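Engineer: I'd like to go over a predicted model; first the sequence, then the structure.
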Amino acid sequence: MSPEALPPSRRSFLRTGTGAALGLGLGAATAGCGFLPEDPNAHGDPDDPIDVRVDGNLIYFNWADFVDPAVFKGFEKEYGVKVIQSNFDSMEGMAAKLNAGNRYDLIFPTAKWAQRLTEGRRLRRIDHTRLKNAESVFGAYDYFADPWYDARSAHTVPFTMYKTGIGWRKDRVGELTGSWEDLWHRRAKGKVFVLDDRDEVLGLGALKLGLDVSTADERDLDRITDTLQSLRPHLRGFSSDSYNNLLNGNAVMTQAWSGDMAAMLGQAKDPSVLGFEVAKEGAPVNSDCYAIPSDARHPGTAMLFIDYMLRPENVKKNIEYIGYPMPVGGSEDTYAALVEPFPQCLVGADDLKDELFFRNGSSKGERARDTAWTHVKAG
């Protein structure tokens, strides 16, 4: 794809304050946001099987620019429907829209949010035997056959997978050591960004200290906060626009999602001056999922779209468009070719470990993490 066609950074497309310098103030900490309980009688039994057929246009809700427009067009032409798109800028934003009563046929929660939706009975059951291409996922990636966030993947199909590391300018800093400690590099002082994301930033502090990536223990969080406070003199800001900050010179080093770094390769004039590393202390991993809300008006069309997206030719198009791998057997070479300059962007079955996913905690634990995040951002 051409550089002009590259999508914006995954998490930053609509986020207010992205790339802001330190000291411009904080938004409310909402990472503990959940889902209002669904009326079990409002839309029928969410466990009822879905009739896989066209039953209306597709009302689609996802991160911006996370499906190749050519794939949308092909689906619309083949099935004679329209894809009506809406976008969210955060998982909290997605939850707020669902809780407000907005109805969608297909949504894309991350793993921990898929668990919240499933436990709240907010998702339709997906019968994988009714998807012609499901075996390309579940037969190739055993992890997703019974993931922690959705037993037997009964309500979800994995869409993408990714991990978090450090992107940097080799021409400004030189080589790194392969550790989260590299964010404290003296030559990057004042030119470092971390993601504008509670779990990711607390997670890097936890991994650096050898702690659980999702810890809510107050003593652990005090240690993490102290560690991250020591990074403050090196920080320019909190931003999820990772690759643009590197390209335009705002950053010489940034915490980054692997897929955003892969997408950056198409825009870089000289990719050899850039690097991406995964810290030896551990890298958070995550997955976005296809999911059908319990109140979807057109679940049959949603099922058809999931199956259409899993066709090999569409998997290839979408990987090349968004820069994120899709856990579909046979697609690995496509992604490997895309990220050849950044081999640590690769996400394989060995990277998918329960302890490296961000997990849901108790209400008390989520409040403790929100408080720690507020302290980190306030300085």
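Structural biologist: Here it is on my side, so go on.

Engineer: isn't residue 161 up against residue 328?
Structural biologist: No. If you go by CB atoms under 8 Å, residue 161 and residue 328 don't touch, sitting 10.4 Å apart. (C-beta placed from N, C-alpha, C; glycine too.)

Engineer: over to the residue lying closest to residue 301 once chain neighbours are set aside: give its phi and psi.
Structural biologist: Leaving aside its sequence neighbours, residue 301 sits nearest to residue 58 (CB to CB, 6 or more residues apart in numbering; 4.9 Å). Main-chain torsions, residue 58, degrees, to the nearest 10: phi -90, psi 120.

Engineer: so how far is residue 106 from residue 58?
Structural biologist: Distance of residue 58 to residue 106, computed by CB to CB, to the nearest Å: 6 Å.

Engineer: overlap in contacts of those two?
Structural biologist: Both residue 58 and residue 106 are in contact with 302, 305, where contact means CB atoms under 8 Å, 6 or more residues apart in numbering.

Engineer: and stretch 85-95, how far from the chain's centre?
Structural biologist: The chain centroid and the centroid of stretch 85-95 are separated by 12 Å under CA atoms, centre = their mean, to the nearest Å.

Engineer: span of it from start to end?
Structural biologist: Stretch 85-95 has its terminal residues 17 Å apart, counting by CA to CA, to the nearest Å.

Engineer: list the buried ones in that stretch?
Structural biologist: Buried positions in stretch 85-95, judged by neighbour count with 16 or more other CB atoms under 10 Å: 88-92, 94-95.

Engineer: which of the residues you listed sits closest to residue 357?
Structural biologist: residue 91 (13.8 Å; CB to CB).

Engineer: the closest one touches residue 107, doesn't it?
Structural biologist: No. With contact defined as CB under 8 Å, residue 91 does not count as touching residue 107 (10.3 Å).

Engineer: for residue 239, what are phi and psi?
Structural biologist: phi -160, psi 140.

Engineer: that older thread, which residues are common contacts for residue 91 and residue 107?
Structural biologist: By CB under 8 Å, 6+ apart, residue 91 and residue 107 have no common neighbours.

Engineer: got a list of contacts for the helix or strand bottoming out on mean pLDDT in the chain?
Structural biologist: Across the helices and strands of the chain, mean confidence by mean pLDDT, DSSP states H and E is lowest for helix 242-247: a mean of 80. Applying CB under 8 Å, 6+ apart, the contact partners of helix 242-247 are 8-9, 12, 19, 167-169, 193, 195, 239, 250-252, 254-257, 260-261, 263-264, 267-268, 274.

Engineer: name only those of those that count as buried.
Structural biologist: Here, 16+ other CB under 10 Å leaves 8-9, 12, 19, 167-169, 193, 195, 239, 250-252, 254-257, 260-261, 263-264, 274 buried among these.

Engineer: which stretches of the stretch 1-150 of the chain form helices?
Structural biologist: Counting by DSSP state H, counting those that start in this stretch, one finds helices in the stretch 1-150 of the chain at the ranges 69-79, 91-99, 111-119, 135-138.

Engineer: an error on my part: the question was meant for the stretch 201-350 of the chain.
Structural biologist: Under DSSP H, counting those that start in this stretch, the stretch 201-350 of the chain gives helices at 218-229, 242-247, 258-264, 299-309, 312-322, 332-338.

Engineer: contacts for the third one, please.
Structural biologist: So that's helix 258-264. 6-7, 9-10, 160, 162-165, 167, 242-243, 246-247, 274, 276, 278, 322-325, 335, 338-339, 342, 344-345, 347.

Engineer: mind checking which of these are in strands?
Structural biologist: If you go by DSSP state E, the contacts of helix 258-264 have 160, 162-165, 167, 274, 276 in strands.

Engineer: top of the residues you listed by neighbour count?
Structural biologist: Neighbour counts for those, by other CB atoms under 10 Å, peak at residue 164, which reaches 28 neighbours.

Engineer: got the contact list for it?
Structural biologist: Shown in contact with residue 164 (CB under 8 Å, 6+ apart): 195, 200, 203-204, 255-258, 283-286.

Engineer: just give the closest residue to it, not the sequence neighbours.
Structural biologist: residue 284 (4.6 Å).

Engineer: just give the number of residues close to the one you found.
Structural biologist: There are 23 residues near residue 284, going by other CB under 10 Å.

Engineer: that one reaches residue 161, doesn't it?
Structural biologist: No. The pair residue 284 and residue 161 fails to qualify as a contact (CB under 8 Å) at a distance of 11.6 Å.

Engineer: tell me where the longest helix sits in this protein.
Structural biologist: Once the chain is assigned using DSSP state H, the helix that runs over the most residues is helix 363-378.

Engineer: orientation of it relative to helix 218-229 in degrees?
Structural biologist: 20 degrees (axes from the mean of the first three to the mean of the last three CA atoms, to 10 degrees).

Engineer: now find how far off-centre helix 363-378 is within its chain.
Structural biologist: From the chain centre to the centre of helix 363-378 is a distance of 21 Å (CA atoms, centre = their mean).

Engineer: stretch 74-82 too?
Structural biologist: On CA atoms, centre = their mean, the centre of stretch 74-82 falls 27 Å from that of its chain.

Engineer: now do the buried residues in that stretch.
Structural biologist: The neighbour-count check on stretch 74-82 (16+ other CB under 10 Å) flags 74-75, 79, 81 as buried.

Engineer: swap in stretch 217-233?
Structural biologist: Here stretch 217-233 shows 220-221, 223-225, 227-228, 231 as buried, counting by 16+ other CB under 10 Å.

Engineer: got it, and stretch 329-340?
Structural biologist: 331-332, 334-335, 338-339.

Engineer: and the contacts of it?
Structural biologist: By CB under 8 Å, 6+ apart, stretch 329-340 touches 136-137, 139-141, 258, 261-262, 265, 312, 315-316, 319-320, 323, 325-326, 343, 345-346, 348.

Engineer: quick check: mean pLDDT across it?
Structural biologist: The average of the pLDDT scores along stretch 329-340 is 96.
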